[in-house]
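Participant: Model the following, please.
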Amino acid sequence: MTSTPAGERGPSTEKPLLLSVLELGGYPDFSPLYEQAGYRVQKVHSIRTALTALKQIHPAVVVAEFNYAPTYGARISTVEPLLARLQSHHPETRVLLFLEKDNLGHLEILRSQYGAPDRLTYPIPPDSLQAWLQHPP
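Facilitator: Residues are numbered from 1 along each chain as shown. Alright, predicted model coming up:
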């Protein structure tokens, strides 16, 4: 008998893992909606913690915030290292970013470097989020 490391998919009865990265928040806790859509939810409160977690878990979905500030130096957003890690170590993971409409142009720069993560703009419509969760590409 083999055991499955925490966060990895085991038997077909196990729900897929959704990693929720809540840096700034400012929107409702969507955990009940994630669970209703059939996911196990693991929450972290920083990109740094998410990067550490990704060394041991293999989420089916990552939901994170795209926060832009010119003070990030060479980076466009704190989410940039997360996208790089997912691209190199978890290319099968679906990514959804929450962002302000004013930051759509900044996100396009990252999309050219890291592929095209999906996005929803604030305020996050629960029905749009639920539809995204239930309809994989």
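Participant: Mind telling me what element L96 is part of?
Facilitator: Assigned by DSSP states H and E, L96 falls within strand 94-99.
Participant: For burial, what's the neighbour tally of E35?
Facilitator: 13 (other Cβ atoms under 10 Å). Using the backbone N, CA and C atoms, a C-beta is placed for each residue, glycine as well.
Participant: And for the residue nearest to it when sequence neighbours are not counted, the neighbour number?
Facilitator: Excluding its sequence neighbours, the residue lying closest to E35 (Cβ to Cβ, 6 or more residues apart in numbering) is V41, at 6.1 Å. By other Cβ under 10 Å, the residues close to V41 number 19.
Participant: By mean pLDDT, point me to the weakest helix or strand of this structure.
Facilitator: Sorted by mean pLDDT, DSSP states H and E, the helices and strands of the chain end with helix 104-114, the least confident at a mean of 82.
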